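J.: Sequence first, then the predicted structure:
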Number of protein chains: 2
Amino acid sequence: MSVQWRVAKRVDPESCRAWQLLMKFYFVQRRHLPEWAGESGLSQVQCHVLHLMEPGRPVPMSRLAEALSCDASNVTGLVDRMEARGLLARRAAPGDRRVKVLELTPAGERLRAEMLRHMTGQPLPLASLTADERRALVGLLERLVGED
Amino acid sequence: MSVQWRVAKRVDPESCRAWQLLMKFYFVQRRHLPEWAGESGLSQVQCHVLHLMEPGRPVPMSRLAEALSCDASNVTGLVDRMEARGLLARRAAPGDRRVKVLELTPAGERLRAEMLRHMTGQPLPLASLTADERRALVGLLERLVGED
DNA sequence: TATTGTTATACTCTATAACTATA
DNA sequence: TATAGTTATAGAGTATAACAATA
């Protein structure tokens, strides 16, 4: 870890400020996550699962563990509880009898849609931006978060 | 909840897209939070506490519960564990003998600085933006997340 | 009376290690 | 042998209710 290396890693002030604000945004959102769950009592990780599970797109358990950056044994219990609540279901995967894929139930799809509705509009004052500014923000975020 | 109300709440496509991307950003960051904790094994909520606790600024327990949107009884256990790890300390508050204020220890300050360093630069490709774009992003985020 | 923080309790989240079934 | 998922276990996070000390 030489001086040269540290100099090479030095970033400009705008990037530092941008990162400060992105971190702050993350924690502001984290604080308001209970509101997104609404009356349903979803936990943070359950909100994350619901966000990841798109209707009509089965997801193997192992892929969920990867997407959550958590251990596979964790996913077992998590899916147990969400399945017991009727939000999703395990199904056999064609081609490999070891894997189980997850699908949203109709109730799960409804709750997911409700959560997404709760998330949009709170708590940031997006309306305070002009139409041009919103377009610029979308363009920048597309570059950062990507399309996938 | 009349039809008029629902029409009044309708938002433009740019705002919808912006919200989709902001939500995605949140969950992308959430996934990478274990990396921010580095070798220290900090949990998500402990990272949140460290982010909130600025060196030299004592915080009452009740204010921490409010900032985390969680119950006061939760804060008791959380602070117990972080205090046991030597990251922060309870102190009596002048003027009101009911309240206890929290302060970072030197070890807590060091770990906080290390966490902030880990957070900046990962996992978003901020370097892919031009200097002008970074300035624009900072300006928009300042408006959204505010200064506080 | 109201507020700050704690305790007791119960449930959820999380990782580690050992295991089964399948590839 | 390696991989997908489960079980057992232990510790951390979380809310509810009841409580003590203070305002």
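T.: That came through, no problem.
J.: element containing residue A:17, please.
T.: helix A:13-37 (DSSP states H and E).
J.: Tell me which other helices or strands that helix touches.
T.: Secondary-structure packing of helix A:13-37 (3 or more C-beta pairs under 8 Å, 6 or more residues apart in numbering or on different chains; DSSP states H and E): helix A:44-52, helix A:106-119, helix B:13-37, helix B:44-52, helix B:106-119, helix B:131-145. C-beta coordinates here come from the backbone N, C-alpha and C atoms, glycine included.
J.: residues contacting the residue most central in space within chain A?
T.: Nearest residue to the geometric centre of chain A (C-alpha atoms, centre = their mean): residue A:48, 4.7 Å. Contacts for residue A:48 (C-beta atoms under 8 Å, 6 or more residues apart in numbering or on different chains) come out as A:68, B:27, B:30, B:31.
J.: what comes up buried for the helix holding residue A:17?
T.: A:14-15, A:17-34, A:36-37 (16 or more other C-beta atoms under 10 Å in any protein chain shown).
J.: Then stretch A:132-142?
T.: Neighbour counts over stretch A:132-142 (16+ other C-beta under 10 Å) mark A:133, A:134, A:136, A:137, A:138, A:139, A:140, A:141 as buried.
J.: so can I have TSV of those residues showing pLDDT?
T.: Listed next are those as TSV, based on pLDDT from 0 to 100:
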residue	pLDDT
A:133	90
A:134	88
A:136	91
A:137	89
A:138	90
A:139	91
A:140	90
A:141	89
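J.: Hmm, residue A:102 is touching residue A:62, no?
T.: No: using C-beta atoms under 8 Å, residue A:102 is not in contact with residue A:62, being 10.7 Å away.
J.: what's the helix or strand for the spatially closest residue to residue A:71 that is not a sequence neighbour?
T.: Of all residues not flanking residue A:71 in the chain, residue A:65 sits nearest, at 6.7 Å (C-beta to C-beta, 6 or more residues apart in numbering or on different chains). Using DSSP H and E, residue A:65 sits in helix A:61-68.
J.: and that helix, anywhere near DNA strand D?
T.: Yes: counting by C-beta under 7 Å from any atom of the strand, DNA strand D is contacted by helix A:61-68 at A:61, A:62, A:65.
J.: one step back: what about the residue nearest to the centre of chain A, distance to residue B:26?
T.: 9 Å (C-beta to C-beta, to the nearest Å).
J.: So what's the residue count around residue A:90?
T.: Look at residue A:90: counted by other C-beta atoms under 10 Å in any protein chain shown, it has 13 neighbours.
J.: in the sheet, who's paired with it?
T.: residue A:102 (DSSP bridges).
J.: Span of stretch A:54-62 from start to end?
T.: One end of stretch A:54-62 to the other measures 16 Å (C-alpha to C-alpha, to the nearest Å).
J.: ok, that stretch near chain B or not?
T.: No: with C-beta under 8 Å from any C-beta of the partner chain as the measure, stretch A:54-62 is seen stopping short of chain B, the closest distance being 12.3 Å.
J.: near DNA strand C, anything from that stretch?
T.: No: judged by C-beta under 7 Å from any atom of the strand, stretch A:54-62 and DNA strand C are separated, with a smallest distance of 11.9 Å.
J.: What lies in contact with that stretch?
T.: Counting by C-beta under 8 Å, 6+ apart, A:52-53, A:67, A:72, A:75-76, A:79, A:90-91, A:93, A:99-104, A:109, A:112 sit against stretch A:54-62.
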